[in-house]
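S.K.: Generate coordinates for the sequence data below:
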Amino acid sequence: MQTQNYELFLRADVSSYIGEWIAICDGKIVAHSNNVKEVLSKANAKCPGKKPLIARIPDKETMIF
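M.R.: Take a look at the predicted model:
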């Protein structure tokens, strides 16, 4: 299941979540917020017993080399 979540993260349009944390569970984005603890809490409530993928969507100014 983690592979499915990671693949979604790589190919999904996350532009509406720039600067926020997201949680992916069961192949879909289940929570987003500027507060990582809030995202984890919401994800755990929506996907009990599962381990969601938590990631921060970088700001537009972030550059990766």
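S.K.: other SSEs contacting the host helix or strand of Val30?
M.R.: If you go by DSSP states H and E, Val30 is part of strand 28-33. Strand 28-33 is packed against strand 21-25, helix 36-46, with contacts defined by 3 or more Cβ pairs under 8 Å, 6 or more residues apart in numbering; DSSP states H and E. (Each C-beta comes from the backbone N, C-alpha and C, glycine too.)
S.K.: So which bits of that strand are buried?
M.R.: 29-33 (16 or more other Cβ atoms under 10 Å).
S.K.: Can you tell me how far Ser16 is from Val39?
M.R.: Counting by Cβ to Cβ, to the nearest Å, the gap between Ser16 and Val39 amounts to 15 Å.
S.K.: Of these two, which one has the most company?
M.R.: Between Ser16 and Val39, counted using other Cβ atoms under 10 Å, the more crowded position is Val39 (22 against 9).
S.K.: surely the more buried one meets Ile24?
M.R.: No - contact criterion Cβ atoms under 8 Å: Val39 and Ile24 do not qualify, at 10.4 Å.
S.K.: Packing partners of the lowest-mean-pLDDT helix or strand in the chain?
M.R.: Every helix and strand of the chain was ranked by mean pLDDT, DSSP states H and E. The lowest is helix 2-11, at a mean of 84. Helices and strands touching helix 2-11, by 3+ Cβ pairs under 8 Å, 6+ apart, are strand 21-25, strand 53-56.
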